[in-house]
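J.: Generate coordinates for the sequence data below:
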Amino acid sequence: MPDSQHVTVQILGREYRLSCAPEEKDALMSAVAYVDEKMTAIRDHGKITGNDRIAVFAALNIANELLSGSGGKKSPDKLAFQEFQHKIESLKAVIDGVISPQDKLL
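T.: All right, here's what the predicted structure looks like:
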């Protein structure tokens, strides 16, 4: 990634080093905070254990929030779609950092 910078973040108390473009850092940090909040809530609820399972459930919950947040519209406008796509890419980067390489093969 040209002109990227490395950012160290924490999710569930574990550090991850990510790369992003400088202009995307604020969005990435917001995504990290949101994912950490969701994953912490799932972990603290106590029924799901293992960071990989917690990450999957958090991703599903977040995807559901994003998809149902369209206000019932069947076809969101192009800007909303681009924002949604950007959020998904940010979340994918975070999830890729949480799930171990052997889990990605599943």
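
J.: now the helices for the protein?
T.: Along the chain, the segments classed as helices by DSSP state H run 25-45, 51-68, 78-98, 101-104.

J.: What residues of the third one count as buried?
T.: Using 16 or more other Cβ atoms under 10 Å as the burial criterion, the residues of helix 78-98 that qualify are 84, 87, 90-91, 93-95, 97-98. To be clear about C-beta, it is placed using only N, CA and C from the backbone, and glycine gets the same treatment.

J.: what's the pLDDT at the residue positioned nearest the centre of the chain?
T.: Centre of the chain computed as the mean C-alpha position; nearest residue by Cα atoms, centre = their mean is residue 91, 2.4 Å away. In this prediction, residue 91 carries a pLDDT score of 78.

J.: got it, and residue 98?
T.: As predicted, residue 98 sits at a pLDDT of 72.

J.: neighbours around the nearest residue to it once chain neighbours are set aside, how many?
T.: Counting by Cβ to Cβ, 6 or more residues apart in numbering, the nearest residue to residue 98 once its immediate chain neighbours are dropped is residue 55, at 4.5 Å. Residue 55: 24 surrounding residues under other Cβ atoms under 10 Å.

J.: my read: residue 55 touches residue 95, true?
T.: Yes. Using Cβ atoms under 8 Å as the test, residue 55 is close enough to residue 95 to be in contact (5.5 Å).

J.: picking that back up, among the helices of the chain, which comes closest to residue 19?
T.: Comparing the helices of the chain against residue 19 with Cβ to Cβ, the closest turns out to be helix 78-98 (8.4 Å).

J.: any idea which of the buried residues of helix 78-98 is closest to residue 14?
T.: Distance to residue 14, by Cβ to Cβ, is smallest for residue 98 among the buried residues of helix 78-98, at 7.8 Å.

J.: Contacts only, for that closest one.
T.: Taking Cβ atoms under 8 Å, 6 or more residues apart in numbering as the criterion, residue 98 is in contact with 11, 14, 16, 51-52, 55.

J.: same deal with residue 51?
T.: With contacts defined as Cβ under 8 Å, 6+ apart, residue 51 is in contact with 12, 14, 39, 98.

J.: separation between it and residue 39?
T.: Relative to residue 39, residue 51 is positioned 8 Å away (criterion: Cβ to Cβ, to the nearest Å).
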